[in-house]
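Asks: how does the following fold in three dimensions:
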Amino acid sequence: MAEFVPVDPFDLLIFGGTGDLARRKLLPALFHRDRDEQFSADSRIVAISRGDMDDAAYAEWVHDALAAQLTEKELEPAVWARFSARLCHYSLDMQDDSGWSGLADRLDDTHSRNRVFYLATAPSLFGTIAAQIAQAGLADTRSRIVLEKPVGHDFDSAREINDAVGAVFAESQIYRIDHYLGKETVQNVLALRFGNSLFEPLWARGAVDHVQITVAENLGVGQRFDFYNRTGALRDMVQNHMLQLLCMVAMEPPASMHHDDIRNEKIKVLRALKPITLDVVDRVTVRGRYTAGIVDGEPVPGYREEGDDPEINTAEQDTETFVAIKAEIDNWRWNGTPFYLRTGKRMARKLSEIVF
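Replies: Next up, the predicted model:
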């Protein structure tokens, strides 16, 4: 039976507290942790967004979000009463200097709490938010900052973000999160590989013809259109979720299960990936975009029909919602064994699988 360890009193500040990630992932997860009595009575969850709402209105919004995802039995009234009492909302334009001192005043009290800053925003805001946190005096050595993927748009922007956040927080305080890795089946991949003496000798090119890694979604972009139109499936899924899965499948046994040792083996896999050059890109990659059709017997709109901003929702946009890639790893274990990665939205069914 799982053991749940209570955590010290905290203030969890969710920047983007009314966004899609908070609604679909963070708040349900936090509710479940409160249900399992992991939170102290005086811990708080502070949502920060540009939305004009008070604490009561935000609690109502959260209740509606949870009710849409949890069963009536899961949304226990007693747990909700405890959870809702933790919820606060602070309206803030994160790029504006004004308002940050008010946030500091809102948080200031006689209780000693650890502060966690969860940045569930566009990555272009990460550096700005970190600098404003420092300017407002909100962080100390106990504080932690969480950067939700993707960290940047490309190599240069990722470096800029890391430099900006690193100017405020020590590396030990920074958590770069790929929430996909929290799934139980994903975490079990390493146990399946290295805890099973039958599989490990066969986990190589001599016994494996190819590997298929598929992450298919039957949903469209929905309310994430503005974000997705700037990102696309390659940056949203392949460079984080799917490469993490590839690394866990292909990596060598780590010296220990410590995160540093696992990370080092993943890096070796990434460095061994054969570059996809211009002369082969059309033979080893496919990009596509969904159009209007039928999913689960219901009519669904096409990609461009889901956007409502005429300035970005244009025929010239070539944002992809489907990607397929043939990847090759140039090392002794996997040389000659292709890895086929594919991911897309509005697929026939929701599916995540690794096939050998």
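Asks: quick check: domain ranges of the chain?
Replies: 10-177, 183-355 (automatic domain parsing).
Asks: highest mean neighbour count out of those domains?
Replies: domain 10-177 (a mean of 17; mean count of other CB atoms under 10 Å). Heads up, the C-betas are built off the backbone N, CA and C, glycines and all.
Asks: and that domain, average pLDDT?
Replies: Averaging pLDDT along domain 10-177 yields 93.
Asks: using a markdown table, lay out the domains of the chain together with distance to Phe4.
Replies: Formatted as a markdown table, the domains of the chain follow (distance: least, CB to CB, whole Å):
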| stretch | distance to Phe4 |
| --- | --- |
| domain 10-177 | 4 |
| domain 183-355 | 15 |
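Asks: pretty sure Lys345 is touching Gly288, no?
Replies: No: contact criterion CB atoms under 8 Å: Lys345 and Gly288 do not qualify, at 10.3 Å.
Asks: any residues in contact with both of those two?
Replies: Common contacts of Lys345 and Gly288 (CB atoms under 8 Å, 6 or more residues apart in numbering): Thr321, Phe322.
Asks: what does stretch 337-351 contact?
Replies: 205, 208-221, 233, 237-238, 241-242, 246, 249-250, 288, 290, 293, 295, 300, 303, 321-329.
Asks: do the same with stretch 153-173
Replies: Under CB under 8 Å, 6+ apart, the answer for stretch 153-173 is 123-124, 126-128, 130-131, 133-134, 139, 141, 143-145, 147, 151-152, 174, 230-231, 235.
Asks: now with 6 Å?
Replies: Stretch 153-173 has contacts (CB atoms under 6 Å, 6 or more residues apart in numbering) with Phe126, Gly127, Ala130, Ala134, Arg144, Ile145, Val151, Gly152.
Asks: how about the strands in the stretch 201-350 of the chain?
Replies: Taking DSSP state E, counting those that start in this stretch, the strands of the stretch 201-350 of the chain run over residues 211-216, 285-288, 293-295, 298-300, 322-327, 339-344.
Asks: export the second one to PDB, keeping only CA atoms.
Replies: So that's strand 285-288. Output in PDB follows, covering the C-alpha atoms of strand 285-288 (Å, rounded to 0.1, in the frame of the first residue of the first chain):
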ATOM      1  CA  THR A 285       9.900  12.700 -40.900                       C
ATOM      2  CA  VAL A 286       6.200  13.400 -41.500                       C
ATOM      3  CA  ARG A 287       4.200  16.500 -40.400                       C
ATOM      4  CA  GLY A 288       0.500  16.900 -40.600                       C
END
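Asks: chain center to that strand: distance?
Replies: 23 Å (CA atoms, centre = their mean, to the nearest Å).
Asks: packing partners of that strand?
Replies: Under the contact criterion of 3 or more CB pairs under 6 Å, 6 or more residues apart in numbering; DSSP states H and E, strand 285-288 touches strand 322-327.
Asks: run through the neighbouring helices and strands of the strand it packs on.
Replies: Counting by 3+ CB pairs under 6 Å, 6+ apart, strand 322-327 packs on strand 285-288, strand 339-344.
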